[in-house]
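*Asks:* Build me a model from this:
(one chain, ligands or ions: 2)
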Amino acid sequence: MGEAPAFFIDDLKKDLTNGDILKLEGHETAINIGLSKTYVIGGMDNESTSNIEVRIYDKSIGDWVIPIVLGAKPNSSKCYSAVLFDEDRILVIKGNSTSDDCFWFLEVNTAFVREQKRRFETDVVAWSKGVIGEAEIPIVISGPSGVGKGTLISKLVEEFPSKFGFSVSHTTRASRNKEQNGVHYHFTERNVMEKDIQDGKFLEFASVHGNLYGTSIEAVEAVTDKGKRCILDIDVQGARSVRASSLEAIFIFIRPPSFEDLEKRLRARGTETEEQIQKRLKNARVELEQGNSPGLFDHILVNDDLETCYKNLKKLLGLNEGAETIHKLLPEFVEVPLEHTASKIDQKILINCGNAEENSDRNTFLLDLSSTKGGAPGRTRGMNIHIIKPSTNGTKMLS
Ligand SMILES: Nc1ncnc2c1ncn2[C@@H]1O[C@H](COP(=O)(O)OP(=O)(O)OP(=O)(O)O)[C@@H](O)[C@H]1O
Ligand SMILES: Nc1nc2c(ncn2[C@@H]2O[C@H](COP(=O)(O)O)[C@@H](O)[C@H]2O)c(=O)[nH]1
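*Replies:* Ligands and ions are numbered 1, 2, ... in the order given. Now for the predicted structure:
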(Lines give C-alpha, C1' and ligand atoms only; values in the text may rest on other atoms or scores of the structure.)
(Ligands and ions follow the chains in the order given, each with its own letter.)
Protein backbone atom coordinates (compact mmCIF):
# COMPACT_ATOMS: atom_id res chain seq x y z
CA MET A 1 0.00 0.00 0.00
CA GLY A 2 1.65 3.26 -1.12
CA GLU A 3 0.50 6.33 0.79
CA ALA A 4 1.23 9.86 -0.39
CA PRO A 5 0.33 13.00 1.52
CA ALA A 6 -1.84 15.86 0.33
CA PHE A 7 -0.98 19.43 1.32
CA PHE A 8 -3.42 22.27 1.72
CA ILE A 9 -3.57 26.04 1.57
CA ASP A 10 -3.29 26.50 5.30
CA ASP A 11 0.10 24.73 5.24
CA LEU A 12 1.74 28.12 4.85
CA LYS A 13 5.02 26.95 6.23
CA LYS A 14 5.86 23.36 5.86
CA ASP A 15 9.09 21.43 5.80
CA LEU A 16 8.64 20.10 2.28
CA THR A 17 12.26 20.15 1.28
CA ASN A 18 13.65 17.96 4.02
CA GLY A 19 15.24 20.82 5.93
CA ASP A 20 14.49 24.03 4.06
CA ILE A 21 11.36 25.88 5.14
CA LEU A 22 9.23 26.50 2.07
CA LYS A 23 6.74 29.31 2.12
CA LEU A 24 3.57 28.65 0.18
CA GLU A 25 1.67 31.66 -1.13
CA GLY A 26 -2.07 32.14 -1.50
CA HIS A 27 -3.88 29.06 -2.76
CA GLU A 28 -1.01 26.70 -3.28
CA THR A 29 -0.23 23.08 -2.66
CA ALA A 30 3.13 21.35 -2.86
CA ILE A 31 4.55 17.92 -3.31
CA ASN A 32 8.01 16.38 -3.24
CA ILE A 33 9.31 14.26 -6.05
CA GLY A 34 12.51 12.39 -5.34
CA LEU A 35 14.90 13.97 -2.89
CA SER A 36 15.61 17.22 -4.62
CA LYS A 37 12.47 18.69 -6.17
CA THR A 38 9.34 20.20 -4.70
CA TYR A 39 6.55 21.10 -7.11
CA VAL A 40 4.42 24.02 -5.93
CA ILE A 41 1.09 24.14 -7.73
CA GLY A 42 -1.62 26.76 -7.48
CA GLY A 43 -1.85 30.52 -7.55
CA MET A 44 -1.75 33.68 -5.54
CA ASP A 45 -4.91 35.41 -4.40
CA ASN A 46 -4.77 37.36 -7.61
CA GLU A 47 -7.65 37.97 -10.00
CA SER A 48 -5.25 38.43 -12.94
CA THR A 49 -3.97 34.85 -12.85
CA SER A 50 -6.82 32.69 -14.04
CA ASN A 51 -4.72 29.55 -14.63
CA ILE A 52 -2.97 27.35 -12.12
CA GLU A 53 0.74 28.21 -11.94
CA VAL A 54 3.60 25.77 -11.37
CA ARG A 55 7.02 26.47 -9.81
CA ILE A 56 9.71 24.05 -8.75
CA TYR A 57 11.99 24.37 -5.74
CA ASP A 58 15.21 22.58 -6.70
CA LYS A 59 17.06 21.72 -3.51
CA SER A 60 20.22 20.74 -5.40
CA ILE A 61 20.70 24.37 -6.51
CA GLY A 62 18.76 25.90 -3.60
CA ASP A 63 16.63 27.99 -5.92
CA TRP A 64 13.30 28.23 -7.74
CA VAL A 65 12.90 27.07 -11.33
CA ILE A 66 9.98 28.21 -13.45
CA PRO A 67 9.29 25.39 -15.93
CA ILE A 68 7.79 25.57 -19.41
CA VAL A 69 4.19 24.48 -18.92
CA LEU A 70 2.61 22.60 -21.83
CA GLY A 71 -0.96 21.46 -22.41
CA ALA A 72 -4.30 23.15 -21.72
CA LYS A 73 -3.98 24.62 -18.20
CA PRO A 74 -6.69 24.22 -15.57
CA ASN A 75 -8.45 27.35 -14.36
CA SER A 76 -7.47 28.38 -10.87
CA SER A 77 -9.45 27.52 -7.75
CA LYS A 78 -9.24 28.49 -4.07
CA CYS A 79 -8.05 25.11 -2.91
CA TYR A 80 -6.08 22.25 -4.36
CA SER A 81 -4.85 18.95 -3.10
CA ALA A 82 -2.06 17.00 -4.75
CA VAL A 83 -1.26 13.32 -4.65
CA LEU A 84 1.83 11.76 -6.13
CA PHE A 85 0.25 9.22 -8.49
CA ASP A 86 3.58 7.76 -9.61
CA GLU A 87 7.12 9.10 -10.06
CA ASP A 88 6.01 10.70 -13.35
CA ARG A 89 2.64 12.26 -12.54
CA ILE A 90 0.99 14.33 -9.83
CA LEU A 91 -2.78 14.14 -9.51
CA VAL A 92 -4.11 17.61 -8.70
CA ILE A 93 -7.65 17.86 -7.34
CA LYS A 94 -9.36 21.23 -7.61
CA GLY A 95 -11.62 22.07 -4.69
CA ASN A 96 -15.05 23.55 -5.35
CA SER A 97 -15.25 21.84 -8.75
CA THR A 98 -17.28 19.12 -10.37
CA SER A 99 -15.85 15.88 -11.76
CA ASP A 100 -15.76 17.27 -15.32
CA ASP A 101 -13.08 19.77 -14.23
CA CYS A 102 -11.63 18.74 -10.88
CA PHE A 103 -9.09 16.02 -11.72
CA TRP A 104 -5.90 17.08 -13.49
CA PHE A 105 -2.58 15.34 -14.00
CA LEU A 106 0.62 17.36 -13.89
CA GLU A 107 3.13 15.26 -15.81
CA VAL A 108 6.68 15.83 -14.64
CA ASN A 109 8.60 12.93 -16.13
CA THR A 110 6.45 10.99 -18.64
CA ALA A 111 7.88 10.02 -22.06
CA PHE A 112 6.22 13.10 -23.59
CA VAL A 113 7.69 15.42 -20.94
CA ARG A 114 11.16 13.88 -21.21
CA GLU A 115 11.09 14.45 -24.98
CA GLN A 116 10.06 18.10 -24.46
CA LYS A 117 12.80 18.60 -21.82
CA ARG A 118 15.35 17.43 -24.40
CA ARG A 119 13.84 19.74 -27.00
CA PHE A 120 13.69 22.86 -24.83
CA GLU A 121 16.80 22.01 -22.76
CA THR A 122 15.04 23.19 -19.61
CA ASP A 123 12.51 21.93 -17.08
CA VAL A 124 9.12 21.15 -18.61
CA VAL A 125 5.82 20.02 -17.09
CA ALA A 126 2.61 19.19 -18.96
CA TRP A 127 -1.04 19.26 -17.93
CA SER A 128 -3.45 16.55 -18.92
CA LYS A 129 -7.10 16.69 -17.90
CA GLY A 130 -8.43 13.60 -16.14
CA VAL A 131 -11.67 12.38 -17.71
CA ILE A 132 -14.04 9.84 -16.18
CA GLY A 133 -14.98 6.91 -18.42
CA GLU A 134 -13.88 5.68 -21.80
CA ALA A 135 -14.77 7.18 -25.17
CA GLU A 136 -15.51 5.36 -28.42
CA ILE A 137 -12.42 5.43 -30.60
CA PRO A 138 -12.27 8.09 -33.34
CA ILE A 139 -12.94 7.37 -37.02
CA VAL A 140 -10.47 8.53 -39.66
CA ILE A 141 -11.97 8.98 -43.13
CA SER A 142 -9.61 9.43 -46.08
CA GLY A 143 -9.86 9.41 -49.84
CA PRO A 144 -9.07 11.61 -52.84
CA SER A 145 -10.46 15.12 -53.11
CA GLY A 146 -14.02 15.09 -54.47
CA VAL A 147 -14.78 11.45 -53.62
CA GLY A 148 -17.55 12.47 -51.18
CA LYS A 149 -15.92 12.21 -47.71
CA GLY A 150 -17.44 15.50 -46.53
CA THR A 151 -20.87 14.56 -47.93
CA LEU A 152 -20.85 11.21 -46.08
CA ILE A 153 -19.62 12.75 -42.81
CA SER A 154 -22.28 15.49 -42.95
CA LYS A 155 -25.00 12.85 -43.39
CA LEU A 156 -23.70 10.90 -40.41
CA VAL A 157 -23.45 13.94 -38.11
CA GLU A 158 -26.91 15.15 -39.21
CA GLU A 159 -28.57 11.78 -38.60
CA PHE A 160 -26.74 11.10 -35.31
CA PRO A 161 -26.01 14.52 -33.80
CA SER A 162 -25.50 13.25 -30.25
CA LYS A 163 -23.33 10.31 -31.33
CA PHE A 164 -20.78 11.86 -33.71
CA GLY A 165 -18.81 15.09 -33.84
CA PHE A 166 -16.51 16.46 -36.51
CA SER A 167 -12.87 17.24 -35.79
CA VAL A 168 -12.42 20.81 -37.05
CA SER A 169 -9.03 20.93 -38.77
CA HIS A 170 -6.73 23.91 -39.20
CA THR A 171 -5.78 24.97 -42.72
CA THR A 172 -3.84 27.73 -44.42
CA ARG A 173 -6.08 27.59 -47.54
CA ALA A 174 -8.56 30.39 -48.18
CA SER A 175 -12.16 29.75 -47.11
CA ARG A 176 -14.76 28.87 -49.73
CA ASN A 177 -17.98 30.83 -50.09
CA LYS A 178 -20.17 29.16 -47.46
CA GLU A 179 -17.41 27.91 -45.15
CA GLN A 180 -17.40 29.26 -41.61
CA ASN A 181 -14.30 29.71 -39.49
CA GLY A 182 -14.40 27.33 -36.52
CA VAL A 183 -17.12 25.18 -38.09
CA HIS A 184 -15.67 23.79 -41.34
CA TYR A 185 -12.05 24.70 -40.59
CA HIS A 186 -9.97 26.94 -38.38
CA PHE A 187 -8.57 29.18 -41.13
CA THR A 188 -5.07 30.11 -40.05
CA GLU A 189 -1.97 32.03 -41.12
CA ARG A 190 0.91 29.72 -42.04
CA ASN A 191 3.36 31.22 -39.49
CA VAL A 192 0.80 30.82 -36.66
CA MET A 193 0.10 27.22 -37.60
CA GLU A 194 3.80 26.41 -37.96
CA LYS A 195 4.43 27.82 -34.46
CA ASP A 196 1.56 25.72 -33.02
CA ILE A 197 2.98 22.62 -34.74
CA GLN A 198 6.38 23.41 -33.16
CA ASP A 199 4.67 23.74 -29.77
CA GLY A 200 3.31 20.21 -30.06
CA LYS A 201 -0.35 21.23 -30.41
CA PHE A 202 -1.03 19.01 -33.44
CA LEU A 203 -1.82 15.34 -33.62
CA GLU A 204 -0.94 15.32 -37.32
CA PHE A 205 -0.36 17.77 -40.15
CA ALA A 206 0.47 17.58 -43.85
CA SER A 207 1.01 19.71 -46.90
CA VAL A 208 -2.00 18.95 -49.10
CA HIS A 209 -2.54 20.42 -52.60
CA GLY A 210 -0.09 23.23 -51.72
CA ASN A 211 -1.60 24.21 -48.35
CA LEU A 212 -0.94 23.18 -44.76
CA TYR A 213 -3.69 21.14 -43.05
CA GLY A 214 -3.64 19.65 -39.57
CA THR A 215 -5.64 18.14 -36.73
CA SER A 216 -5.02 19.82 -33.38
CA ILE A 217 -5.13 17.70 -30.24
CA GLU A 218 -7.83 20.06 -28.91
CA ALA A 219 -10.00 19.47 -32.02
CA VAL A 220 -10.24 15.76 -31.22
CA GLU A 221 -10.50 16.15 -27.44
CA ALA A 222 -13.24 18.81 -27.71
CA VAL A 223 -15.50 16.30 -29.50
CA THR A 224 -14.59 13.38 -27.24
CA ASP A 225 -15.12 15.49 -24.08
CA LYS A 226 -18.77 15.93 -25.15
CA GLY A 227 -19.12 12.13 -25.10
CA LYS A 228 -19.23 11.98 -28.91
CA ARG A 229 -17.28 9.82 -31.32
CA CYS A 230 -14.85 11.99 -33.24
CA ILE A 231 -14.65 11.86 -37.06
CA LEU A 232 -11.50 13.07 -38.82
CA ASP A 233 -11.61 13.96 -42.54
CA ILE A 234 -7.93 13.90 -43.46
CA ASP A 235 -5.69 13.00 -46.39
CA VAL A 236 -3.69 9.75 -46.66
CA GLN A 237 -0.48 11.34 -45.27
CA GLY A 238 -2.47 12.45 -42.23
CA ALA A 239 -4.00 8.98 -41.83
CA ARG A 240 -0.50 7.51 -41.87
CA SER A 241 0.61 9.94 -39.12
CA VAL A 242 -2.41 9.11 -36.95
CA ARG A 243 -1.70 5.39 -37.46
CA ALA A 244 1.81 6.02 -36.12
CA SER A 245 0.55 8.11 -33.17
CA SER A 246 -0.79 6.90 -29.81
CA LEU A 247 -4.38 7.63 -30.91
CA GLU A 248 -6.33 4.45 -31.45
CA ALA A 249 -8.79 4.85 -34.37
CA ILE A 250 -10.72 3.09 -37.13
CA PHE A 251 -9.37 3.95 -40.60
CA ILE A 252 -11.75 4.04 -43.58
CA PHE A 253 -10.73 4.77 -47.18
CA ILE A 254 -13.35 6.00 -49.67
CA ARG A 255 -12.83 5.18 -53.36
CA PRO A 256 -14.71 6.62 -56.38
CA PRO A 257 -16.37 4.18 -58.84
CA SER A 258 -13.94 5.47 -61.51
CA PHE A 259 -11.40 8.24 -62.03
CA GLU A 260 -13.78 9.87 -64.55
CA ASP A 261 -16.54 10.03 -61.90
CA LEU A 262 -14.11 11.62 -59.47
CA GLU A 263 -13.18 14.31 -62.01
CA LYS A 264 -16.86 14.97 -62.78
CA ARG A 265 -17.67 15.43 -59.07
CA LEU A 266 -14.74 17.73 -58.46
CA ARG A 267 -15.70 19.91 -61.45
CA ALA A 268 -19.42 19.87 -60.58
CA ARG A 269 -18.63 21.08 -57.05
CA GLY A 270 -17.26 24.24 -58.65
CA THR A 271 -15.05 25.27 -55.74
CA GLU A 272 -11.62 25.06 -57.38
CA THR A 273 -9.91 26.80 -60.30
CA GLU A 274 -8.83 24.67 -63.28
CA GLU A 275 -5.24 24.76 -62.01
CA GLN A 276 -6.32 23.55 -58.55
CA ILE A 277 -8.48 20.80 -60.09
CA GLN A 278 -5.48 19.55 -62.09
CA LYS A 279 -3.35 19.51 -58.93
CA ARG A 280 -6.04 17.61 -56.96
CA LEU A 281 -6.52 15.07 -59.76
CA LYS A 282 -2.78 14.46 -59.97
CA ASN A 283 -2.64 13.90 -56.20
CA ALA A 284 -5.76 11.68 -56.41
CA ARG A 285 -3.88 9.12 -58.53
CA VAL A 286 -1.20 8.82 -55.82
CA GLU A 287 -3.80 8.67 -53.01
CA LEU A 288 -5.80 5.97 -54.79
CA GLU A 289 -2.66 3.86 -54.98
CA GLN A 290 -1.77 4.54 -51.34
CA GLY A 291 -5.28 3.61 -50.26
CA ASN A 292 -4.26 0.01 -50.86
CA SER A 293 -1.16 0.21 -48.62
CA PRO A 294 -1.14 -2.89 -46.43
CA GLY A 295 -2.08 -2.26 -42.81
CA LEU A 296 -3.09 1.39 -43.30
CA PHE A 297 -6.87 1.22 -43.75
CA ASP A 298 -9.23 -1.12 -41.92
CA HIS A 299 -12.09 -0.71 -44.40
CA ILE A 300 -12.50 0.42 -48.02
CA LEU A 301 -15.86 1.72 -49.28
CA VAL A 302 -16.74 2.60 -52.88
CA ASN A 303 -18.87 5.73 -53.11
CA ASP A 304 -20.84 5.00 -56.28
CA ASP A 305 -24.47 5.50 -55.31
CA LEU A 306 -24.40 7.89 -52.33
CA GLU A 307 -27.25 6.25 -50.39
CA THR A 308 -25.78 2.75 -50.82
CA CYS A 309 -22.35 3.93 -49.67
CA TYR A 310 -23.88 5.72 -46.67
CA LYS A 311 -25.80 2.56 -45.73
CA ASN A 312 -22.56 0.54 -45.90
CA LEU A 313 -20.74 3.12 -43.78
CA LYS A 314 -23.46 2.91 -41.10
CA LYS A 315 -23.33 -0.88 -41.23
CA LEU A 316 -19.60 -1.04 -40.61
CA LEU A 317 -19.99 1.42 -37.71
CA GLY A 318 -22.61 -0.89 -36.20
CA LEU A 319 -25.44 1.63 -36.60
CA ASN A 320 -28.92 0.41 -37.26
CA GLU A 321 -32.32 2.07 -37.32
CA GLY A 322 -33.08 3.90 -34.08
CA ALA A 323 -29.45 3.85 -32.92
CA GLU A 324 -29.60 7.57 -32.09
CA THR A 325 -32.18 6.97 -29.37
CA ILE A 326 -29.92 4.59 -27.46
CA HIS A 327 -27.87 6.56 -24.94
CA LYS A 328 -25.04 5.27 -22.86
CA LEU A 329 -25.34 5.84 -19.12
CA LEU A 330 -23.36 8.89 -18.11
CA PRO A 331 -20.41 8.23 -15.80
CA GLU A 332 -20.86 9.06 -12.13
CA PHE A 333 -20.89 12.86 -11.58
CA VAL A 334 -19.52 14.19 -8.31
CA GLU A 335 -18.69 17.51 -6.71
CA VAL A 336 -15.53 18.00 -4.64
CA PRO A 337 -15.90 20.83 -2.08
CA LEU A 338 -13.18 23.30 -1.05
CA GLU A 339 -12.44 21.35 2.08
CA HIS A 340 -11.35 17.81 1.28
CA THR A 341 -8.46 15.43 1.80
CA ALA A 342 -6.99 12.96 -0.64
CA SER A 343 -4.81 9.92 -0.13
CA LYS A 344 -3.53 7.18 -2.39
CA ILE A 345 -4.03 3.46 -1.90
CA ASP A 346 -2.46 1.42 -4.70
CA GLN A 347 -4.02 2.75 -7.93
CA LYS A 348 -6.95 4.35 -6.09
CA ILE A 349 -7.40 7.78 -4.55
CA LEU A 350 -9.65 8.16 -1.55
CA ILE A 351 -11.22 11.61 -1.40
CA ASN A 352 -12.87 12.65 1.85
CA CYS A 353 -15.08 15.69 1.56
CA GLY A 354 -15.79 17.97 4.49
CA ASN A 355 -15.06 17.82 8.17
CA ALA A 356 -15.59 14.37 9.70
CA GLU A 357 -16.62 15.64 13.16
CA GLU A 358 -19.05 18.32 12.01
CA ASN A 359 -20.68 16.55 9.10
CA SER A 360 -21.38 12.86 9.32
CA ASP A 361 -23.12 12.94 5.91
CA ARG A 362 -19.98 13.99 4.09
CA ASN A 363 -19.28 12.13 0.90
CA THR A 364 -16.31 9.94 0.34
CA PHE A 365 -15.26 9.12 -3.23
CA LEU A 366 -12.97 6.45 -4.52
CA LEU A 367 -11.21 7.46 -7.73
CA ASP A 368 -9.93 4.38 -9.55
CA LEU A 369 -6.98 5.19 -11.82
CA SER A 370 -6.01 1.61 -12.68
CA SER A 371 -7.43 1.75 -16.24
CA THR A 372 -6.27 5.21 -17.28
CA LYS A 373 -4.98 5.73 -20.81
CA GLY A 374 -3.47 8.60 -22.75
CA GLY A 375 -2.02 11.66 -21.09
CA ALA A 376 -0.29 14.83 -22.24
CA PRO A 377 -0.63 16.19 -24.83
CA GLY A 378 -4.35 15.57 -24.53
CA ARG A 379 -6.46 13.90 -21.87
CA THR A 380 -6.00 11.10 -19.36
CA ARG A 381 -9.10 8.98 -19.92
CA GLY A 382 -10.56 5.88 -18.30
CA MET A 383 -10.81 7.09 -14.67
CA ASN A 384 -13.63 5.53 -12.69
CA ILE A 385 -15.33 7.07 -9.70
CA HIS A 386 -17.32 5.32 -6.98
CA ILE A 387 -19.27 7.08 -4.27
CA ILE A 388 -18.79 5.58 -0.82
CA LYS A 389 -21.88 6.38 1.23
CA PRO A 390 -21.88 6.34 5.01
CA SER A 391 -24.36 3.65 6.18
CA THR A 392 -26.52 4.00 9.31
CA ASN A 393 -24.17 1.90 11.45
CA GLY A 394 -21.21 3.98 10.30
CA THR A 395 -19.84 1.39 7.87
CA LYS A 396 -19.03 2.86 4.46
CA MET A 397 -20.31 0.94 1.45
CA LEU A 398 -19.32 1.17 -2.17
CA SER A 399 -22.32 2.16 -4.30
N1 LIG B 1 -22.07 9.24 -54.56
C2 LIG B 1 -22.03 10.43 -55.14
N3 LIG B 1 -22.49 10.59 -56.38
C4 LIG B 1 -22.46 11.78 -57.01
N5 LIG B 1 -21.97 12.91 -56.46
C6 LIG B 1 -21.49 12.82 -55.21
C7 LIG B 1 -21.49 11.59 -54.49
N8 LIG B 1 -20.95 11.82 -53.27
C9 LIG B 1 -20.64 13.13 -53.22
N10 LIG B 1 -20.95 13.74 -54.38
C11 LIG B 1 -20.72 15.15 -54.75
O12 LIG B 1 -19.35 15.26 -55.10
C13 LIG B 1 -18.82 16.52 -54.72
C14 LIG B 1 -17.60 16.30 -53.84
O15 LIG B 1 -18.03 15.75 -52.58
P16 LIG B 1 -17.34 16.18 -51.23
O17 LIG B 1 -17.14 17.66 -51.19
O18 LIG B 1 -18.11 15.55 -50.15
O19 LIG B 1 -15.92 15.46 -51.45
P20 LIG B 1 -14.67 15.37 -50.46
O21 LIG B 1 -14.13 14.02 -50.58
O22 LIG B 1 -15.06 15.82 -49.10
O23 LIG B 1 -13.69 16.42 -51.11
P24 LIG B 1 -12.44 17.22 -50.45
O25 LIG B 1 -11.46 16.21 -50.04
O26 LIG B 1 -11.95 18.08 -51.57
O27 LIG B 1 -12.96 18.02 -49.31
C28 LIG B 1 -19.93 17.26 -54.02
O29 LIG B 1 -20.50 18.17 -54.92
C30 LIG B 1 -20.94 16.16 -53.64
O31 LIG B 1 -22.27 16.62 -53.62
N1 LIG C 1 -3.68 15.64 -43.18
C2 LIG C 1 -4.79 16.36 -43.12
N3 LIG C 1 -5.58 16.48 -44.21
C4 LIG C 1 -6.70 17.19 -44.09
C5 LIG C 1 -7.07 17.83 -42.91
N6 LIG C 1 -8.24 18.48 -43.10
C7 LIG C 1 -8.60 18.23 -44.37
N8 LIG C 1 -7.67 17.47 -44.97
C9 LIG C 1 -7.68 16.94 -46.35
O10 LIG C 1 -7.32 17.96 -47.24
C11 LIG C 1 -7.89 17.69 -48.51
C12 LIG C 1 -8.45 18.92 -49.11
O13 LIG C 1 -9.52 19.42 -48.37
P14 LIG C 1 -10.37 20.68 -48.88
O15 LIG C 1 -11.30 21.01 -47.76
O16 LIG C 1 -9.40 21.77 -49.20
O17 LIG C 1 -11.09 20.20 -50.10
C18 LIG C 1 -8.91 16.58 -48.28
O19 LIG C 1 -8.37 15.37 -48.77
C20 LIG C 1 -9.05 16.50 -46.80
O21 LIG C 1 -9.31 15.18 -46.37
C22 LIG C 1 -6.22 17.69 -41.77
O23 LIG C 1 -6.46 18.20 -40.66
N24 LIG C 1 -5.10 16.95 -41.92
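
*Asks:* Spell out which residues of this protein are next to ligand 2.
*Replies:* Proximity of the chain to ligand 2, by C-beta under 6 Å from any ligand atom, involves residues 145, 149, 169, 173, 204, 206, 208-209, 213-215, 233-235, 237-238. Heads up, the C-betas are built off the backbone N, CA and C, glycines and all.

*Asks:* Filtering those by proximity to ligand 1, which remain?
*Replies:* Counting by C-beta under 6 Å from any ligand atom, the members of the residues of the chain next to ligand 2 near ligand 1 are 145, 149.

*Asks:* Contacts only, for the spatially closest residue to residue 71 that is not a sequence neighbour.
*Replies:* Of all residues not flanking residue 71 in the chain, residue 127 sits nearest, at 3.8 Å (C-beta to C-beta, 6 or more residues apart in numbering). Neighbouring residues of residue 127 by C-beta atoms under 8 Å, 6 or more residues apart in numbering: 69, 70, 71, 72, 73, 74, 104, 105, 106, 107, 376.

*Asks:* how does this structure divide into domains?
*Replies:* 6-133+332-398, 139-316 (automatic domain parsing).

*Asks:* Going by mean pLDDT, which of those domains comes out lowest?
*Replies:* Lowest mean pLDDT of the domains of the chain: domain 6-133+332-398, a mean of 81.

*Asks:* how far is that one from where the chain is centred?
*Replies:* Distance, stretch centre to chain centre, for domain 6-133+332-398: 18 Å (C-alpha atoms, centre = their mean, to the nearest Å).

*Asks:* go on, stretch 287-305?
*Replies:* On C-alpha atoms, centre = their mean, the centre of stretch 287-305 falls 28 Å from that of its chain.

*Asks:* ok so, going back, which one among the residues of the chain next to ligand 2 gets closest to residue 52?
*Replies:* residue 215 (26.8 Å; C-beta to C-beta).

*Asks:* excluding its backbone neighbours, what's nearest that closest one?
*Replies:* In space, residue 215 is closest to residue 203, 4.8 Å off (C-beta to C-beta, 6+ apart).

*Asks:* Name the strands paired with the helix or strand encompassing residue 81 and say parallel or antiparallel.
*Replies:* Per DSSP states H and E: residue 81 is located in strand 80-86. Strand 80-86 has its sheet partners listed here by DSSP bridges as strand 89-94 (antiparallel).

*Asks:* So which elements touch the longest strand seen in the chain?
*Replies:* Longest strand in the chain by number of residues, with DSSP state E as the criterion: strand 379-390. When contacts are defined as 3 or more C-beta pairs under 8 Å, 6 or more residues apart in numbering; DSSP states H and E, strand 379-390 packs onto strand 124-132, helix 217-225, strand 364-368, strand 373-374, strand 396-398.

*Asks:* Repeat the analysis, applying 10 Å as the threshold.
*Replies:* strand 89-94, strand 103-107, strand 124-132, helix 217-225, strand 348-353, strand 364-368, strand 373-374, strand 396-398 (3 or more C-beta pairs under 10 Å, 6 or more residues apart in numbering; DSSP states H and E).

*Asks:* buried set for that strand?
*Replies:* 379, 380, 381, 382, 383, 384, 385, 388 (16 or more other C-beta atoms under 10 Å).

*Asks:* ok, the first one touching residue 223?
*Replies:* Which is residue 379. No - using C-beta atoms under 10 Å, residue 379 makes no contact with residue 223, being 11.6 Å away.

*Asks:* any common contacting residues for the two?
*Replies:* residue 135 (C-beta atoms under 10 Å, 6 or more residues apart in numbering).

*Asks:* Look through the protein and state the residue closest to ligand 2.
*Replies:* Taking C-beta to the nearest ligand atom, ligand 2 has its nearest neighbour within the chain at residue 238, 2.4 Å off.

*Asks:* Can you verify that residue is assigned to a strand?
*Replies:* No - per DSSP: H, G, I helix; E, B strand; the rest coil, residue 238 lies outside any strand segment and is helix.

*Asks:* That one: what's it in contact with?
*Replies:* 140, 142, 169, 203, 204, 205, 206, 208, 213, 214, 215, 232.

*Asks:* Tell me, how many residues neighbour the last one?
*Replies:* Residues within reach of residue 232, counting by other C-beta atoms under 10 Å, total 25.

*Asks:* where's it, which helix or strand?
*Replies:* Per DSSP H and E: strand 229-233 holds residue 232.

*Asks:* quick one: contacts for residue 210?
*Replies:* 172, 173, 275, 276, 279, 280, 283.

*Asks:* ok, 8 Å please
*Replies:* residue 279.

*Asks:* got it, and residue 224?
*Replies:* When contacts are taken as C-beta under 8 Å, 6+ apart, residue 224 is in contact with 135, 138, 230, 379, 381.

*Asks:* Apply 7 Å and report the result again.
*Replies:* When contacts are counted by C-beta atoms under 7 Å, 6 or more residues apart in numbering, residue 224 touches 135, 230.

*Asks:* Correct me if wrong: residue 75 contacts residue 51.
*Replies:* Yes - assessed by C-beta atoms under 7 Å, residue 75 is found in contact with residue 51 at 6.3 Å.

*Asks:* for ligand 1, what are the nearby residues on the stretch 251-399 of the chain?
*Replies:* 265, 268, 269, 303, 306, 309.

*Asks:* Where neighbours are concerned, which of the residues you listed has the most?
*Replies:* residue 303 (23 neighbours).

*Asks:* who's in contact with that residue?
*Replies:* Neighbours of residue 303 in contact, by C-beta under 7 Å, 6+ apart: 147, 148, 152, 254, 256, 309.

*Asks:* Can you get me a residue count around the closest residue to the fourth one other than its chain neighbours?
*Replies:* Pointing back at residue 254 there. In this structure, residue 254 finds its nearest non-sequential neighbour in residue 143, 3.5 Å apart by C-beta to C-beta, 6+ apart. Residues near residue 143, counting by other C-beta under 10 Å, number 27.
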